[in-house]
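A.B. asks: I need the structure of the sequence given here:
(one chain, ligands or ions: 1)
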Amino acid sequence: MARRGMTLIELLIVIGVISVLLALIFPALIRVRNQAQGTICIQNLKTLSLAWLLYKDDNEDHLVGGEVGKNPHDWVQGPMGTGTFIERKKEGIRRGALFRYAGEMVEVYRCPADQRKLELGRAAYRSYSIAGGANGEGWQNTFVQARKYSEIHHPATTYVFVEQDDPRGWNKGSWVLNPQGKTWVDPFAIWHSRTRSTLGYADGHAEMRRWVDSSTIEMCRKRELFYPVPPSEGQDLRFMLSGFPQKTTEAQHARAGFRLPWRFASTEMHVRQKRSAPQLSGNSYN
Ligand SMILES: [Zn+2]
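C.D. replies: Residues are numbered from 1 along each chain as shown. Predicted structure coming up:
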């Protein structure tokens, strides 16, 4: 008996069924992948935050340097050694002051959701930066950096590590904001479901934060510095302002909390537009 092949209609039905199945399975797979990446990222920042605590335990309360390659005691150095861009960046991590406290694992410095390694000309490896107020880079004298752990008053709500997608190709200097300002200075990275970032805290814990303002998402997507916040928004900026590490007295900390929420002054927007080129880092390793 001769075997009959599939008719075109049957073939189209089969293709249709397969498409429907794939459409059902793919979002589930993406969800699982996103969850796994989030878990690893939180674990990475927990490891780095604990390493950051161990460093000060070993160094009479002094914090590890929060800049990149400016001082020998900085948590990471700039790209160095030989090899590919990525290899040189990994070597800079290995020579950083935090490496031995982080179990000598270069992998914990990279978020698995960070896609920059695959982008031409943006071969970044390290996904995380230290907030400038934690013994890092300043910003136009708008805050005093904490040099010692005892200068940070609320470690459980003060973040140290931020996910950063530096528009200059790799994360230079520190992640900064202006504690007296009403606009952002540096954008951060939202690699998790395009709405979330992980933060590592001064008490050694890490958590993921979902951003709520559309201007925050837009800033991160565009990787733009000095991003304005419309008057109807500001929840994300207020959150980051309240947890920014810096040297404060207990009274100053309370006053900073009291100051929020604020309203925008037109002069602030004017100052932002007049500001000259970003001065995020005096270092260059490229
Ligand atoms: Zn991440």
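A.B. asks: Can you pull the residues of the stretch 101-250 of the chain lying near the ion?
C.D. replies: By the rule CB under 5 Å from the ion, the part of the stretch 101-250 of the chain lying against the ion is 111, 198. For the C-beta atoms, the positions are set from N, CA and C on the backbone; glycine is no exception.
A.B. asks: Right, and the ion sits closest to which residue of the stretch 101-250 of the chain?
C.D. replies: residue 111 (3.0 Å; CB to the ion).
A.B. asks: what about that residue, neighbour count?
C.D. replies: For residue 111, the neighbour count with other CB atoms under 10 Å is 25.
A.B. asks: Helices along the stretch 151-286 of the chain, start to end?
C.D. replies: 214-222, 235-243, 250-259, 266-274 (DSSP state H, counting those that start in this stretch).
A.B. asks: Least confident of these, on average?
C.D. replies: Lowest mean pLDDT within the helices of the stretch 151-286 of the chain: helix 266-274, at a mean of 33.
A.B. asks: Any stretches of the chain with poor pLDDT?
C.D. replies: In the predicted model of the chain, residues 1-3, 118-122, 249-286 satisfy pLDDT under 70.
A.B. asks: repeat that for 80
C.D. replies: For the chain, the stretches flagged by pLDDT under 80 are 1-6, 117-123, 167-169, 248-286.
A.B. asks: ranges for the strands of it?
C.D. replies: Using DSSP state E, the strands of the chain run over residues 65-68, 74-76, 128-130, 159-163, 196-201, 206-210.
A.B. asks: and of those strands, who's closest to residue 55?
C.D. replies: For those, proximity to residue 55 was assessed by CB to CB; strand 74-76 is nearest, at 8.0 Å.
A.B. asks: what comes into contact with that closest one?
C.D. replies: Strand 74-76 has contacts (CB atoms under 8 Å, 6 or more residues apart in numbering) with 52, 64-69, 92-93, 95-99, 109, 126, 130.
A.B. asks: quick one on the thing from earlier: need the strands of the chain in JSON lines with mean neighbour count, can you?
C.D. replies: Converted to JSON lines, those look like this (neighbours: other CB atoms under 10 Å):
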{"stretch": "strand 65-68", "mean neighbour count": "27"}
{"stretch": "strand 74-76", "mean neighbour count": "27"}
{"stretch": "strand 128-130", "mean neighbour count": "29"}
{"stretch": "strand 159-163", "mean neighbour count": "28"}
{"stretch": "strand 196-201", "mean neighbour count": "24"}
{"stretch": "strand 206-210", "mean neighbour count": "16"}
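A.B. asks: Can you add distance to residue 12 and give those strands back as JSON lines?
C.D. replies: Shown next, in JSON lines, are the strands of the chain (distance: least, CB to CB, whole Å):
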{"stretch": "strand 65-68", "distance to residue 12": "57"}
{"stretch": "strand 74-76", "distance to residue 12": "56"}
{"stretch": "strand 128-130", "distance to residue 12": "49"}
{"stretch": "strand 159-163", "distance to residue 12": "45"}
{"stretch": "strand 196-201", "distance to residue 12": "40"}
{"stretch": "strand 206-210", "distance to residue 12": "42"}
